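*Asks:* Sequence first, then the predicted structure, then my questions.
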Amino acid sequence: MLGQQYLENPKFQDYLTSHFVLFRADRTQKQGEEVFNKFSIRATPTVLILDPDGSEVDWHVGYGPPAEKFNDQIDKSYKGIETYKSYADSYAKNPRDVAVVFGLAKKHDRRYNQEKAVALYKEAIALDPDGKGGTTEYGKIKVPNTQYAEYQIGQLSLFGMKVDAEPMKAFVKKYKSGEMVKSAYQRLAMYYSRSGSKEEAAKFFEDAIANAPNDPQVVSAFARKAITSKENIDKAVELGEKLVESQQYNTDPSNVRDLAELYVTKGDTAKADEVYGNEFMDGKASSLAYNLIQYATFWSSKSMNHESALAMAELATKLKPGEEYYIRQAANACCAMKKYDKAIEFYGPKYIDKFMSDANKLGSYANFWGSQGNNLESALQAAKKAVELAPAVPSGWGSLAIVYQKLKKNDEALKAGEKAVELAPENQKSYYKNRFDSLKKAMEAK
């Protein structure tokens, strides 16, 4: 019942084996299939906790890291806190305790036992119609148990075995606004994008768009309905354009895809290509590459996640092949991790050989490796070529000075540094002089 990746988590495994007799039900085995059928397991991973007599104590469906947090949930079950068994026993003694009825309903809900969950939610609502009998968490907010129960009945009715949109529509009508109403509109939009009569869908979307004109999920569902029905295309395009415009700096590709599909449906393929063509994807690739290289440079300077940092650096250079910024940053990350051979793979002789007529690139390359104190022979060759190609440019001489200094060729380093100061324009002289003075101090210190 529990997936392999979860069982192999050492912290989770240690906890379970120290508290329980552990049995893994494998559906490929006869005994495992019997366990799935006996306990009506509908999803994996499921952790099912049993008493020695085989009666159910509690269950946890799904898993989310970190393992410690999940261990805490299992620990509560082990101690009998808010378990299915504790709720069931309390319910048998007092079936009019709202908190107990509601807690038992949530237990069955989380195990995808729709029929029992809905029946118990209805009991909780009947016992506390005004929603004064306690609260529960919905995302990051607290809501009355009754409101949560009404929402869950609506959701289970929308996507259960017997589909019915009326409970969720009643929820929206009753509560009118708030995070749960927003979510209810989104669920209904998903339903009406593919179900319901033409008239029902039209009436719902008219109301939903009036109340949530900028909700991405509502607009996307309306677009899909328009595409399949070939109706309201212009209205869907209008909403799609406004939505994409509002996401200017963080565009959701799925919303852009919907808009492009609407343009294609209208017969305007040129417009579809304009919004969702090569330029759009190139921008996304650049944004992703930048985020990947930032991740790599962040973790490379820390004593952790180095394997992941290296993988992300490699991916960034593949997304933007040949772009010096990403290549240099990847090499820089490798140097921070002391992986100099890998850095040279990114930004070494094979790379710079393609630019032996570009003084700027040669100078930058020499400066990089001179600062790192590695790959110095290649850096020296590049620096010499840079000053040969552009003898009046001070940056090339400055790079040459750094490389000579790292190679312990102090006389040559001093001459190159003096040349850089001599050639520097007035507004840059102080920069090169300070740099040259630092170089001299470093050599004197050695």
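*Replies:* Right, received. Where do you want to start?

*Asks:* the strands in this protein, which residues?
*Replies:* 46-50, 56-61, 135-138, 141-144 (DSSP state E).

*Asks:* So residue 129 sits against residue 146, correct?
*Replies:* Yes - in this structure, residue 129 is within contact of residue 146 by CB atoms under 8 Å, at 6.8 Å. C-betas here are computed from N, CA, C, even on glycine.

*Asks:* coming back round to it: now the strands of the chain in JSON lines, with mean neighbour count, mean pLDDT and distance to residue 240?
*Replies:* Formatted as JSON lines, these follow (neighbours: other CB atoms under 10 Å; pLDDT from 0 to 100; distance: least, CB to CB, whole Å):
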{"stretch": "strand 46-50", "mean neighbour count": "19", "mean pLDDT": "85", "distance to residue 240": "40"}
{"stretch": "strand 56-61", "mean neighbour count": "18", "mean pLDDT": "86", "distance to residue 240": "36"}
{"stretch": "strand 135-138", "mean neighbour count": "14", "mean pLDDT": "92", "distance to residue 240": "29"}
{"stretch": "strand 141-144", "mean neighbour count": "14", "mean pLDDT": "93", "distance to residue 240": "30"}
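
*Asks:* so which of the ones you listed comes closest to residue 122?
*Replies:* Minimum separation from residue 122 across those (CB to CB) falls at strand 141-144, 15.4 Å.

*Asks:* Quick check: can you list the domain ranges of the chain?
*Replies:* 4-78, 282-344, 348-446 (automatic domain parsing).

*Asks:* first to last residue in the second one, what's the distance?
*Replies:* Taking CA to CA, to the nearest Å as the measure, domain 282-344 stretches 27 Å from start to finish.

*Asks:* So between residue 129 and residue 146, which is more surrounded?
*Replies:* residue 146 (24 against 10; other CB atoms under 10 Å).

*Asks:* For the more buried one, report the pLDDT, please.
*Replies:* At residue 146, the predicted lDDT confidence score is 96.

*Asks:* and if you look at the one 5 residues further on?
*Replies:* For residue 151, the pLDDT comes out at 96.

*Asks:* Could you find the closest non-adjacent residue to it?
*Replies:* Nearest residue to residue 151, sequence neighbours excluded (CB to CB, 6 or more residues apart in numbering): residue 180, at 5.3 Å.

*Asks:* what's the one you found in contact with, if anything?
*Replies:* 138, 143, 147-148, 151, 171 (CB atoms under 8 Å, 6 or more residues apart in numbering).

*Asks:* Which pair of these spans the longest distance?
*Replies:* Across those (CB to CB), the longest gap, 12.7 Å, separates 138 and 171.

*Asks:* For these two, list the residues in contact with both.
*Replies:* Common neighbours of residue 138 and residue 171 (CB under 8 Å, 6+ apart) are 151, 180.

*Asks:* what's near enough to touch residue 346?
*Replies:* Going by CB under 8 Å, 6+ apart, the list of residues near residue 346 reads 313, 317, 327, 330-331, 334.

*Asks:* Rebuild those as JSON lines, extending it with neighbour count and distance to residue 369.
*Replies:* Below are the contacts of residue 346 laid out as JSON lines (neighbours: other CB atoms under 10 Å; distance: CB to CB, whole Å):
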{"residue": "313", "neighbour count": "30", "distance to residue 369": "17"}
{"residue": "317", "neighbour count": "21", "distance to residue 369": "18"}
{"residue": "327", "neighbour count": "19", "distance to residue 369": "13"}
{"residue": "330", "neighbour count": "28", "distance to residue 369": "14"}
{"residue": "331", "neighbour count": "27", "distance to residue 369": "9"}
{"residue": "334", "neighbour count": "26", "distance to residue 369": "12"}
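
*Asks:* can you list the domains of the chain in TSV and add distance to residue 233?
*Replies:* Converted to TSV, the domains of the chain look like this (distance: least, CB to CB, whole Å):
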stretch	distance to residue 233
domain 4-78	39
domain 282-344	26
domain 348-446	50
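
*Asks:* ok, of those domains, where does mean pLDDT dip lowest?
*Replies:* When I compare the domains of the chain, domain 4-78 is least confident, with a mean of 74.

*Asks:* which residues does the nearest residue to residue 428 once chain neighbours are set aside contact?
*Replies:* Spatial nearest neighbour of residue 428, chain neighbours left out: residue 394 (7.0 Å); criterion: CB to CB, 6+ apart. By CB under 8 Å, 6+ apart, residue 394 lies in contact with 419-421, 423-424, 428, 432.

*Asks:* could you redo the strands of the chain as a markdown table and give each row distance to residue 287?
*Replies:* Listed next are the strands of the chain as a markdown table, based on distance: least, CB to CB, whole Å:
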| stretch | distance to residue 287 |
| --- | --- |
| strand 46-50 | 38 |
| strand 56-61 | 36 |
| strand 135-138 | 32 |
| strand 141-144 | 31 |
